[in-house]
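Sequence and predicted model, in that order:
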Amino acid sequence: MNNIGTEYGSALWPRLNANRLIVVCSYLVITTFVCHVLVNAASGKLLHKNFPAWNKLASLTPSIYLLTYLIQLTLILLLLKRQRRHSDAKPVKAPAIIDSFYGFVVGLAAFAVSLPILFWGDPYAVFWWRVIDAPFAASSVLTGIALVIVVPIITEVVFRGILLESFLSYSNVAMALLASSLLFAFVWPFTNPIVSTLLGLSMGLLYRRSRSRIPSTIAMLAFMASFLLYVAHKMLSTGG
């Protein structure tokens, strides 16, 4: 178990040199921007023409953003996989249980702090409402699993394990945390920019403290699960 924890928690993914870091950041910014432009343009065009397919497109918007996000990060991991060297990784012990507990607490705290502005901006409210609009449908179940399990894992590998570590090679801790958090907030499609920035900073600080992705992944999992349960509760209390 310790080997598994160490492998996931340590820096087995390479730190990017300056050129590769610029390429990866540019790739994330450009693909995110293009996705937003295309979805908004298509939605606006269909809505303007009162096209019947508007409702269908609107219902697919959460899936489009989720798939785009997962594809973006997966491509980064696939491209960097060839550079991965277990022998080059610094030996890092698996995080203590207390660090994992801190991760859970930080995730809940981030959710609690962001609660007043959680649904600032209609697109983000619509996203989560659509996800559990039909909670027992296969698509909703798969989306929920992706949001609570797959998204936290791949997010922490890329944004903390690769990008934050790489930023730390070229700047001080404060600037590295700020840069990685702002990039995360721009790419992260599930909450508004304020909440996303808060979440990025929280995960970055937790990762920096523990030097492992496991606590920050647990924190992200706790945040996403709390978010999903909160939306479900709101829907049930208002009669859907």
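That came in fine, so what should we check first? Residues are numbered from 1 along each chain as shown.

before we move on, which element is the residue sitting nearest the centre point of the chain in?
With distances taken as CA atoms, centre = their mean, Thr155 lies nearest the centre of the chain, 4.6 Å away. Using DSSP states H and E, Thr155 sits in helix 151-155.

For whatever helix or strand comes next after that helix, name the packing helices and strands.
Counting by DSSP H and E, the next helix or strand C-terminal to helix 151-155 is helix 165-168. Counting contacts by 3 or more CB pairs under 8 Å, 6 or more residues apart in numbering; DSSP states H and E, helix 165-168 is packed against helix 173-187. For every residue, glycine as well, the C-beta is placed using N, CA and C.

Other residues contacting the helix it packs on?
25, 28-29, 32, 69, 72, 155, 159-160, 163-164, 167-168, 170-171, 193, 196-197, 199-201, 203-205, 208 (CB atoms under 8 Å, 6 or more residues apart in numbering).

OK, contacts around the residue nearest to the centre of the chain?
Contacts of Thr155 by CB under 8 Å, 6+ apart are 73, 184, 188, 220.

Tabulate these (TSV), appending distance to Ser63.
What follows is the contacts of Thr155, written out as TSV (distance: CB to CB, whole Å):
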residue	distance to Ser63
Leu73	16
Phe184	21
Trp188	16
Met220	20
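
Which of those residues lies at the shortest distance from Ala232?
Met220 (18.7 Å; CB to CB).

where does the residue nearest to the centre of the chain sit relative to Ser237, distance-wise?
Distance, Thr155 to Ser237, using CB to CB, to the nearest Å: 29 Å.

now Trp188
Taking CB to CB, one finds Trp188 at 27 Å from Ser237.

More neighbours: which of those two?
Neighbours were tallied for Trp188 and for Ser237 using other CB atoms under 10 Å; the higher tally belongs to Trp188 (22 against 8).
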